[in-house]
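K.L.:
Any chance you could fold what I've pasted below:
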Amino acid sequence: MALDSAHFDLQTQPKDSSTRLKVKHKFANKQASLHKLLLDMDSHDLCASRLSRKRKFEYQEDHGTLDLDDLNQDLLEKVLSRLPTSAFFRLTSVCKRWKSVADSTSFKLACSEIPSREPCFFMVGSCLNKSVIFDSAESKWKQLNHPSFLRKDLNFMPVASSGGLICFRNASGNFIVSNPVTGCFRELPHTENQTIHAIVMQSSPGPYHSFKLVLLFGEFPRVYFKTFNSALNRWDDGNPLSKNHEDSGEIEEDAVYFLSKAGNLVATYMLRSPSKQYSSVMTIKNGHEIVYFLSSSGTVVACDLTSKCFSEYPRLLPIWSEYSVDIVECRGEMIVVVLSEFFESASLRMWRYNEGNRSWQQIAAMPPAMAHEFYGKKVDINCLGAGERILICLNSSELFRYILYDSVGNEWIELPTCDMK
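P.N.:
Next up is the predicted model:
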């Protein structure tokens, strides 16, 4: 969540003062669920050392030294609004005045006017009762207080996020949108529990702090989408999506079985955790809102909400190949991340779809020496994009690795071990 947007006022619900964070979703095999905490943290690090109420700053004018306590409320809010997100987590414990600033509406508005910050990535434990973030500004994992309303009902799991807000859903189909930084949350009106393919969230920056939640549901080829509008506080009636006339193929819904190299019977039908099954991203292309998600057989389905049509992209690898796949948004594009095995080694590659010639183009590959560690380990990948970076969570019964990919410098950085105690 963006600290600028991380202060969305959800209006209707009380605060949970024990909560201090936010997310986007994905789930790791029996281990951890990965989320994109759209906590974009500011590049100005105004809090390089620990905050202290005795800390002062000086400027040379006629007034000499000025204590932070001497600032008027408006100026203090503007100064504190530029703190990085990790510092904001400690803001309320400095003194009573700073705590009151953090709770004020004008301070949240000041935060919403700050440019994007360095991203944080959020992860929850397999039992959904613990949470941590990776703070990319400080390159550290940090423990966070788990939202109290989630501790009361562990059936709620994060399924989408945007602009500082996390959307949670339970098995009954109920949704809660939370701002973990401020502790606010909002229960959405109930909607019919459908066979959902994708859940995406989009927020609008600025003083109005609105958001929308989009559900894609139905049985192919009868696919629909419905949208929740936070400004109107209601769901629309739903809209049908027609199959793109240029797409001659059929969506693969039935499983195909084949023998793996080890002699095991493998199904192409993707079995996902309850959180990862809604893995999807939204991009804006030529003014069109397009939602991408993985079908049950592992192919990418693109749904143009503006033109109200959908199509299935060609399969990346042969249907009998064994691989793990995920989908992310990076720099405004949909990217597919694939971990596969070839010639007695593992390979992790990223692909972009070319609409012009209807083919996949490789845009990045993990160095072979780094990828080889995952060979034969039956590793599952869970990925999230934030700006120019992609966090890749690689989990199996034998190992757990977290890699941060920088698409600008083409750098692959292994992160410190995450302790989910």
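K.L.:
Next, give phi and psi for Leu109.
P.N.:
Dihedral pair for Leu109: phi -70, psi -40, per degrees, to the nearest 10.
K.L.:
Relative to Lys78, how far out is it?
P.N.:
Separation of Leu109 from Lys78 (Cβ to Cβ, to the nearest Å) stands at 11 Å. Heads up, the C-betas are built off the backbone N, CA and C, glycines and all.
K.L.:
May I ask you to confirm that Tyr375 is in contact with Ser340?
P.N.:
No - counting by Cβ atoms under 8 Å, Tyr375 does not reach Ser340; the two are 10.3 Å apart.
K.L.:
which neighbours do those two share?
P.N.:
Ala346 (Cβ atoms under 8 Å, 6 or more residues apart in numbering).
K.L.:
The closest residue to Ala365 other than its chain neighbours: helix or strand, and which one exactly?
P.N.:
Spatially, and ignoring its direct neighbours in sequence, Ala365 is nearest to Arg349 (4.7 Å; Cβ to Cβ, 6 or more residues apart in numbering). Assigned by DSSP states H and E, Arg349 belongs to strand 345-354.
K.L.:
I'd like to know which elements the very next helix or strand once past that strand is packed against.
P.N.:
Scanning forward in sequence from strand 345-354 by DSSP H and E, the next helix or strand is strand 359-365. In terms of contacts (3 or more Cβ pairs under 8 Å, 6 or more residues apart in numbering; DSSP states H and E), strand 359-365 is packed against strand 345-354.
K.L.:
dump the residue contacts of Lys308.
P.N.:
With Cβ under 8 Å, 6+ apart, Lys308 has these contacts: Asn239, Pro240, Leu241, Ser242.
K.L.:
Phi, psi for it please.
P.N.:
Phi and psi for Lys308, reported as degrees, to the nearest 10, are phi 60, psi 50.
K.L.:
What of the one 3 residues further on?
P.N.:
Geometry field for Ser311 lists phi and psi as phi -150, psi 160, criterion degrees, to the nearest 10.
K.L.:
Residue numbering should commence at 55 henceforth.
P.N.:
I'll keep to 55 as the first residue from here, and by that count the last item is Ser365.
K.L.:
picking that back up, got a ChimeraX select line for the buried ones in the contacts of Lys362?
P.N.:
To isolate in ChimeraX the members of these that are buried, counting by 16 or more other Cβ atoms under 10 Å, one can use:
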select :295
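K.L.:
Dump the contacts of Lys362 to JSON lines, plus secondary structure and pLDDT.
P.N.:
Below are these laid out as JSON lines (DSSP: H, G, I helix; E, B strand; the rest coil; pLDDT from 0 to 100):
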{"residue": "Asn293", "secondary structure": "strand", "pLDDT": "94"}
{"residue": "Pro294", "secondary structure": "strand", "pLDDT": "95"}
{"residue": "Leu295", "secondary structure": "strand", "pLDDT": "95"}
{"residue": "Ser296", "secondary structure": "strand", "pLDDT": "93"}
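K.L.:
Nearest to Gln256 among the contacts of Lys362?
P.N.:
Within these, the smallest distance to Gln256 is 16.0 Å, found for Asn293 (Cβ to Cβ).
K.L.:
Tell me what that closest one is bridged to.
P.N.:
Beta-bridge partners of Asn293, counted by DSSP bridges, are Phe279.
K.L.:
need the contact list for it.
P.N.:
Under the criterion of Cβ under 8 Å, 6+ apart, the contact list for Asn293 reads Tyr278, Phe279, Lys280, Leu359, Lys362.
K.L.:
which two in the residues you listed are spaced the farthest apart?
P.N.:
Spatially, the most separated pair among those is Lys280 and Lys362, at 12.4 Å (Cβ to Cβ).
K.L.:
What residues of stretch 275-295 count as buried?
P.N.:
Across stretch 275-295, burial judged by 16+ other Cβ under 10 Å covers Val277, Tyr278, Phe279, Lys280, Thr281, Phe282, Ser284, Trp289, Leu295.
K.L.:
Please look at the fifth one and Arg288 and confirm they touch.
P.N.:
No - no contact is recorded between Thr281 and Arg288 when judged using Cβ under 8 Å, the distance being 9.7 Å.
K.L.:
how close does the residue nearest to Lys431 when sequence neighbours are not counted sit to Asp434?
P.N.:
Leaving aside its sequence neighbours, Lys431 sits nearest to Ser450 (Cβ to Cβ, 6+ apart; 4.7 Å). Using Cβ to Cβ, we find Ser450 at a distance of 7 Å from Asp434.
K.L.:
ok, now Ser158?
P.N.:
From Ser158 to Asp434 the distance is 44 Å (Cβ to Cβ).
K.L.:
Compare the two (neighbour count), which wins?
P.N.:
Between Ser158 and Asp434, counting by other Cβ atoms under 10 Å, Asp434 is the more crowded of the two (21 against 14).
K.L.:
So what sits opposite that one in the bridge?
P.N.:
Beta-bridge partners recorded for Asp434 (DSSP bridges): Asn449.
K.L.:
wait, it sits on Ile446?
P.N.:
No - counting by Cβ under 8 Å, Asp434 does not reach Ile446; the two are 11.0 Å apart.
K.L.:
Excluding chain neighbours, what is closest to Val462?
P.N.:
Val462's closest residue in space is Glu442 (Cβ to Cβ, 6+ apart), at 5.0 Å.
K.L.:
Could you look up the SS state of Cys472?
P.N.:
Classification of Cys472 by DSSP: H, G, I helix; E, B strand; the rest coil places it in coil.
K.L.:
hang on, the earlier thing: partner strands of the strand holding Arg403, with direction?
P.N.:
Under the rule (DSSP bridges), strand 399-408 has strand 387-396 (antiparallel), strand 413-419 (antiparallel) as partners.
K.L.:
since we're on the residue nearest to Lys431, how many residues are nearby?
P.N.:
Here the count is done by other Cβ under 10 Å, and Ser450 has 18 residues near it.
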